[in-house]
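Chemist: return atomic coordinates for the entry below.
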Amino acid sequence: MDLSYGPEYETFREEVRDFIAVNRHLAPKNAGRAARPSNEGVAWQKLLIEHGYTARTIPREYGGFGAEPDILKSRIIAEEFARAGVPGGLANQGISMLVPTLLELGTEEQKRRWIEPTLAGDVVWCQGYSEPGSGSDLASLKTSARVEGGDFVVNGQKIWTSTAKEADMIFCLVRTEGDAAKHQGISYLIFPMTTPGIEVRPLRTMTGHAEFNETFFTDVRVPVDQIVGQRGQGWFVANATLGHERGMLGDPDALENRLLALIELMKVEQVGGARVIDLPALRDRLVALQAEVAAMKYNGMRILSNQIKGEPGGMAKLIVKLQACELAHQISALAIDALGELGILYNGSAHERA
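Modeler: Sure thing, here's the model as predicted:
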């Protein structure tokens, strides 16, 4: 596999590096996946869109930069922001999952109404998929929506709804055809979280955080034009959204950056007068993790190569997502074992640290 980019792309890489060097002082420290972005995070997002470093290929009429698709340039942007330890924009469910779904399957009115404010960080979304009895078997969901006048009337319950308390909007799977086969009677609705009849109850985890919630719907009225895709075809739309989620969760550059940060800490911290990184058992685990992260990165390059040639990614995307989840936990576990209490403060989400 030829991993070189060529002179034209290396020139573009220098442009990205120059932008980061000049503007990194404006970057928020915690843009990441925060439910409600800070003012600094929103300003940083808008600056990146203006220069084409995020939302690069999304049309200008929907709030993007409007560049022609160029997979290698997009890859270079991701590499350089990760290498610099600077956030490459906001990363939440609305931007990473709903926006590409609307671009693919939404109506023109839905695209113009929702994509730009979502990209800008002004509108925050949550996902209404899982239910108490429908987790891995999502198609068995029971939340229903009947048509009454010009509205769907939604009743039911969702669980593990991330950031539901902070969200402005929800994209939600409901059953609109009760007598249809379970994969065929589902529809995909979008509606405000302030709609009458919605109740959110936080689920506090062992970390003390309440990122997840139960969400209850009682006679919630949603205009019929707020369906994405065709009625009864929500399973197809949901799979499109989940495909984008897999891409969001499998980020080789961000994972490599976390591992490099851990290595630097292990070089500094000492146990009994010896550097943590020099302890044989921990060093062996670190070397194994470096190999696994490298393998994940090369799987990502395989996907990139296929995309450039117009070929499907096949199982490689799923492999990268699986690798990312497993390696994120292994890196966090090594941080705890190597750094003790300091490892609890090491980079990572609350549920990863748990």
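
Chemist: and stretch 46-61, which residues are buried?
Modeler: For stretch 46-61, the neighbour count (16 or more other C-beta atoms under 10 Å) marks 46, 47, 48, 49, 52, 53, 54, 55, 56, 57, 58 as buried. Where C-beta positions appear, they are placed from N, C-alpha and C, glycine not excepted.

Chemist: which residues does the closest residue in space to the last one that isn't next to it in sequence contact?
Modeler: Put plainly, it is residue 58. Spatially, and ignoring its direct neighbours in sequence, residue 58 is nearest to residue 64 (2.5 Å; C-beta to C-beta, 6 or more residues apart in numbering). With contact set as C-beta atoms under 8 Å, 6 or more residues apart in numbering, residue 64 has these partners: 49, 55, 56, 57, 58, 115, 119.

Chemist: narrow the buried residues of stretch 46-61 to those in strands?
Modeler: If you go by DSSP state E, the buried residues of stretch 46-61 have nothing in strands.

Chemist: and which of the residues you listed is nearest residue 254?
Modeler: Closest approach between the buried residues of stretch 46-61 and residue 254, by C-beta to C-beta: residue 54, at 14.2 Å.

Chemist: show me the contacts for that closest one.
Modeler: Taking C-beta under 8 Å, 6+ apart as the definition, contacts of residue 54 comprise 45, 48, 65, 77, 88, 89, 90.

Chemist: specify the local secondary structure of residue 202.
Modeler: Per DSSP: H, G, I helix; E, B strand; the rest coil, the local secondary structure of residue 202 is strand.

Chemist: what's the pLDDT at the residue nearest to it when sequence neighbours are not counted?
Modeler: In space, and not counting its chain neighbours, residue 202 is closest to residue 210: 3.7 Å by C-beta to C-beta, 6+ apart. With respect to pLDDT, residue 210 scores 78.

Chemist: one more: residue 319?
Modeler: With respect to pLDDT, residue 319 has a value of 78.

Chemist: and the helix or strand encompassing it, what does it pack onto?
Modeler: Taking DSSP states H and E as the criterion, residue 319 maps to helix 316-339. Secondary-structure packing of helix 316-339 (3 or more C-beta pairs under 8 Å, 6 or more residues apart in numbering; DSSP states H and E): helix 234-249, helix 252-268, helix 280-308, helix 341-344, helix 350-353.

Chemist: gap between the longest one and the chain center?
Modeler: Helix 280-308 has its C-alpha centroid displaced from the chain centroid by 20 Å (C-alpha atoms, centre = their mean, to the nearest Å).

Chemist: so what secondary structure elements neighbour that helix?
Modeler: Using 3+ C-beta pairs under 8 Å, 6+ apart as the contact test, the elements touching helix 280-308 are helix 71-84, helix 252-268, helix 316-339.

Chemist: okay, those helices in JSON lines with mean neighbour count next?
Modeler: Formatted as JSON lines, these follow (neighbours: other C-beta atoms under 10 Å):
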{"stretch": "helix 71-84", "mean neighbour count": "19"}
{"stretch": "helix 252-268", "mean neighbour count": "18"}
{"stretch": "helix 316-339", "mean neighbour count": "18"}
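
Chemist: save those helices as JSON lines, and put in distance to residue 158 too.
Modeler: Output for these, formatted as JSON lines (distance: least, C-beta to C-beta, whole Å):
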{"stretch": "helix 71-84", "distance to residue 158": "32"}
{"stretch": "helix 252-268", "distance to residue 158": "28"}
{"stretch": "helix 316-339", "distance to residue 158": "22"}
